[in-house]
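sequence and computational prediction follow.
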Amino acid sequence: DSGDCIVWSIHASEPRLFLRNLHRIADRIDPKNPVELWSCVARWGPEYPIYTDTSLKDKFHHQTFFYDGNFRKIHPSGMSTYFPVNLHNYGQELHRCKRPNVVVVGVSPMDEHGYCCVSCDLQWEMESFYSADKIIYEVNPKIPHLPGECALPVAMADVIIESDLSLYELQDPPIGEAEKAVAGYAAEMVHDGDCIQLGFGGIPNAIGFELMNRHDLGIHTEQIGASMAHMIQNGVVTNRYKNLDRGWSVGTFIIADNFTYEYLNNHPRVMMRRGRYTNDPLNIAQQDNFVSINAALQVDLQGQVCAEAMGLKQFSGIGGQVDFTNPNISTLGGYIESGDVKPLAVFSDKRMDAYPDIPAFTETVPEAEKYLNIPYTLLSFVVNNDTSQEVVDVLKAASQKVFADPEWTDFVKQKAADPVYEEY
């Protein structure tokens with residue numbers, strides 16, 4: 001209805017039948033109170049009028065975290081707005097701005113326990129699922145069934161749609177000699193026992209296929225793609241040395257080919273977790289020997305990398321790449337173990353399992369607890385190991401002073417809201 005705010009799952013959990021027909025409600029929508037659509041990459045976008053027919057711009061408006069070809073085409077009409085945010089904050093920021101009251105998810109058929117699985121996308125679904133007024137399941141037997149947070153009780157669905165439409169098969173560019181050469185160089189940086197994350201694109205996928213002679217790799221990633229499925233099938237991945245979720249391949253969404261969807265169905269050691277978990281820098285930081293591999297659109301002569309724009313033109317989005325490349329305590333592991341640096345605190349309300357002797361920042365500065373969910377806040381405080389205790393004390397005192405300063409607290413209230421949803 002007019003004024004509703006709708007969000008749906010994407011990738012291989014895209015509710016294709018629902019989206020094919022959503023435009024049919026346009027006649028009853030008040031142009032002064034359009035339907036807001038929280039959306040992202042639309043794999044089957046060209047077949048949905050809400051993505052192609054700009055005459056509907058007064059009835060539907062897209063808020064999107066990630067521009068694809070569909071959004072680049074309709075953007076000039078004003079039908080879509082880009083919403084920049086890191087993937088680990090998708091669920092939080094979505095609710096902070098406008099809570100979706102209707103959630104639509106593509107799910108696997110119900111199991112013997114009465115649960116369906118939104119196995120192929122958990123970027124924001126769980127936060128939305130438990131706060132929505134209306135929940136719609138589009139059940140498709142082609143969607144894999146997997147363990148993790150993706151299991152949803154069928155009893156919570158207000159509406160169930162049955163579909164047997166094909167899942168989207170991601171066609172990576174052919175792997176040519178250039179791609180193979182680049183993949184070979186990058187693969188040399190991945191060693192037996194490492195934990196990996198592979199992003200979108202032909203190069204990351206090609207690198208995955210170059211790792212088939214490795215042993216005991218771990219997977220902690222947002223995207224599970226075709227090369228990862230083959231690595232798991234071939235025994236390259238055992239997750240034996242992971243510090244967090246040992247023994248499990250963990251991801252947030254699946255977008256690949258039919259082999260991947262069929263192979264992963266009911267896989268006993270592939271677990272889907274929400275993006276707030278997989279892309280949380282503090283969780284990433286707990287994995288030793290972590291290797292993150294992503295693609296870029298442009299690299300300048302100073303080494304600056306851009307993966308979301310072409311010049312001044314918005315091309316894609318922030319996504320989760322920054323979550324995995326943002327410097328954090330995981331990059332300091334070797335220096336910590338060698339004694340070259342001395343961590344003062346982890347910017348969290350709890351200690352990290354990987355470094356239990358490093359205090360949480362709230363132990364040092366109790367007033368800091370209310371600021372822990374502010375985006376883009378530093379994750380750890382470190383100093384050289386030979387830093388005198390006197391200097392350490394000065395730094396700690398300065399931190400306490402900052403967090404007690406009204407100028408800082410007023411800034412936080414104006415620029416960054418408090419947490420807006422509960423942990424379920």
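Cool, the structure landed. Residues are numbered from 1 along each chain as shown.

and the longest helix for the chain?
In the chain, with assignment by DSSP state H, the single longest helix is helix 389-404.

centre of the chain to it, how far?
Put simply, helix 389-404 sits 34 Å off its chain's centre (CA atoms, centre = their mean, to the nearest Å).

ok, stretch 99-112 next?
Remark: stretch 99-112 is offset 18 Å from the chain centroid, using CA atoms, centre = their mean.

just stretch 138-156 next, same as before
Put simply, stretch 138-156 sits 19 Å off its chain's centre (CA atoms, centre = their mean).

next, the buried residues of that stretch.
Neighbour-count burial for stretch 138-156 flags 138-140, 142-152, 154 (criterion: 16 or more other CB atoms under 10 Å). Backbone N, C-alpha and C define where each C-beta goes, glycine included.

pick the one among the residues you listed closest to F259.
Nearest to F259 among the buried residues of stretch 138-156: P144, at 11.5 Å, using CB to CB.

and the residue nearest to that closest one when sequence neighbours are not counted, how far from C117?
Spatial nearest neighbour of P144, excluding adjacent residues (CB to CB, 6 or more residues apart in numbering): N265 at 3.9 Å. Computed as CB to CB, to the nearest Å, the N265 to C117 distance reads 10 Å.

and V139, by the same measure?
10 Å.

before we move on, what about I136?
Taking CB to CB as the measure, I136 falls 16 Å from C117.

looking at the two, which has the bigger crowd around it?
In this view I136 and C117 are compared by other CB atoms under 10 Å, and C117 has more residues nearby, 27 against 19.

tell me who's in contact with the more buried one.
By CB atoms under 8 Å, 6 or more residues apart in numbering, C117 lies in contact with V107, S108, D111, I143, P144, H145, L146, C150, A151, L152, M272.

where does the spatially closest residue to the first one that is not a sequence neighbour fall, phi/psi-wise?
The one in question is V107. Distances taken as CB to CB, 6+ apart place C116 nearest to V107, at 3.7 Å, with adjacent residues excluded. Dihedral pair for C116: phi -110, psi 160, per degrees, to the nearest 10.

and if you look at the one 3 residues further on?
In this entry, S119 is assigned phi and psi values of phi -70, psi -20 (degrees, to the nearest 10).

let me know the pLDDT of it.
On the pLDDT scale, S119 is placed at 95.

relative to P141, how far out is it?
12 Å.

which residues do the two both contact?
Jointly contacting S119 and P141 under the rule CB under 8 Å, 6+ apart are S108.

is it true that the residue nearest to V107 touches V139?
Yes - C116 is within contact range of V139, at 6.5 Å (criterion: CB atoms under 8 Å).

what do the two both touch?
V107, S108, P109, M110.

narrow these to those that are buried.
Buried members of the shared contacts of C116 and V139, counted by 16+ other CB under 10 Å: V107, S108, M110.

wait, the second one touches S119, no?
Going back to what we said before, that points to S108. Yes - between S108 and S119 there is a contact at 6.1 Å, judged by CB under 8 Å.

by mean pLDDT, point me to the weakest helix or strand of the chain.
strand 380-384 (a mean of 56; mean pLDDT, DSSP states H and E).

what about the contacts of C117, which are in strands?
Under the assignment DSSP state E, those contribute V107, A151, L152, M272 to strands.

need those in JSON lines (columns: distance to D53).
Shown next, in JSON lines, are the ones in strands among the contacts of C117 (distance: CB to CB, whole Å):
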{"residue": "V107", "distance to D53": "28"}
{"residue": "A151", "distance to D53": "36"}
{"residue": "L152", "distance to D53": "31"}
{"residue": "M272", "distance to D53": "33"}
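
would you turn these into a markdown table with distance to P84 and pLDDT?
Shown next, in a markdown table, are the ones in strands among the contacts of C117 (distance: CB to CB, whole Å; pLDDT from 0 to 100):
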| residue | distance to P84 | pLDDT |
| --- | --- | --- |
| V107 | 29 | 98 |
| A151 | 31 | 95 |
| L152 | 29 | 95 |
| M272 | 25 | 97 |
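
L167: which of those residues is nearest?
Minimum distance to L167 across the ones in strands among the contacts of C117 is 12.3 Å, recorded for V107 (CB to CB).

what residues are bridge-paired with the closest one?
Beta-bridge pairing of V107 under DSSP bridges involves V139.

I figured it hits V139, correct?
Yes - assessed by CB under 8 Å, V107 is found in contact with V139 at 5.7 Å.

which residues do those two both contact?
Common contact partners of V107 and V139 (CB under 8 Å, 6+ apart): C116.

just to revisit the earlier point, joint contacts of N265 and C117?
Both N265 and C117 are contacted by P144, H145, L146, under the criterion CB under 8 Å, 6+ apart.

thought W124 was touching G275?
Yes - using CB under 8 Å, W124 is in contact with G275, at 6.9 Å.

tell me which of the two has more neighbours.
Ranked by neighbour count (other CB under 10 Å), W124 and G275 place W124 first, with 29 against 26.

do you know how far that one is from D192?
Counting by CB to CB, the separation of W124 from D192 is 35 Å.

and if you look at K32?
Relative to D192, and taking CB to CB, K32 is found at 61 Å.

where do the strands sit along the stretch 301-424 of the chain?
Here the stretch 301-424 of the chain has its strands, by DSSP state E, counting those that start in this stretch, at 305-306, 309-310, 313-314, 341-346, 380-384.

go through these and find the least confident stretch.
Of all the strands of the stretch 301-424 of the chain, the minimum mean pLDDT falls on strand 380-384 (a mean of 56).

one step back: spit out the contact partners of the residue nearest to V107.
If a contact means CB under 8 Å, 6+ apart, then C116 has V107, S108, P109, M110, Y137, V139, A151, L152, V154, A157 as its contacts.

output stretch 193-207 as CSV, nothing but the C-alphas.
The C-alpha trace of stretch 193-207 is given here as CSV (Å, rounded to 0.1, in the frame of the first residue of the first chain):
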residue,chain,number,x,y,z
GLY,A,193,46.3,-23.1,6.5
ASP,A,194,45.3,-19.5,5.5
CYS,A,195,41.8,-18.2,5.9
ILE,A,196,40.5,-16.5,2.8
GLN,A,197,37.8,-14.2,1.5
LEU,A,198,37.1,-13.8,-2.2
GLY,A,199,35.1,-11.0,-3.7
PHE,A,200,33.1,-10.4,-6.9
GLY,A,201,34.7,-10.5,-10.3
GLY,A,202,36.6,-12.7,-12.7
ILE,A,203,40.0,-12.2,-11.1
PRO,A,204,39.0,-13.3,-7.6
ASN,A,205,37.2,-16.3,-9.0
ALA,A,206,40.2,-17.1,-11.2
ILE,A,207,42.5,-16.9,-8.1
